[in-house]
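J.: 3D model of this:
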Amino acid sequence: MKEFFENVLRYQRYFITITLGIFFALFGWLKPLLKNPVTAVALIGFLISVSIFVILTLRAMLGLSAL
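T.: I've put the predicted structure just below:
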């Protein structure tokens, strides 16, 4: 039974490591774009637009609220 819980903990650590690795790789790729004010505003606007699109799409699909 001890081996089972060790395996479960190993998968959680693996998931956290993969998630952090993806985040840091993405941030490293986007970091040069944030140095130029024009691309920084465009990037932030794009991220906000994508977030709003996903939120509204999920609300419509799940029928949570009508706008």
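J.: ok, so what distance separates the residue nearest to the spatial centre of the chain from W29?
T.: Against the mean C-alpha coordinate of the chain, by C-alpha atoms, centre = their mean, the closest residue is F23 at 7.3 Å. Per C-beta to C-beta, to the nearest Å, F23 is found 11 Å from W29. (Each C-beta comes from the backbone N, C-alpha and C, glycine too.)
J.: buried sites along the lowest-mean-pLDDT helix or strand in the chain?
T.: The least trusted helix or strand in the chain, going by mean pLDDT, DSSP states H and E, turns out to be helix 2-30, with a mean of 90. By neighbour count with 16 or more other C-beta atoms under 10 Å, helix 2-30 contains no buried residues.
J.: where does the closest residue to R59 other than its chain neighbours sit: helix, strand or coil?
T.: Using C-beta to C-beta, 6 or more residues apart in numbering and skipping the chain neighbours, the partner closest in space to R59 is S65 (5.9 Å). Using DSSP: H, G, I helix; E, B strand; the rest coil, the structure places S65 in coil.
J.: is it true that S65 touches L56?
T.: No. Look at S65 against L56 with C-beta atoms under 8 Å: they stay out of range, at 10.0 Å.
J.: neighbour-wise, which of those two wins?
T.: Neighbour tally, S65 and L56, criterion other C-beta atoms under 10 Å: the higher count belongs to L56, 11 against 7.
J.: no further queries at this time; thank you.
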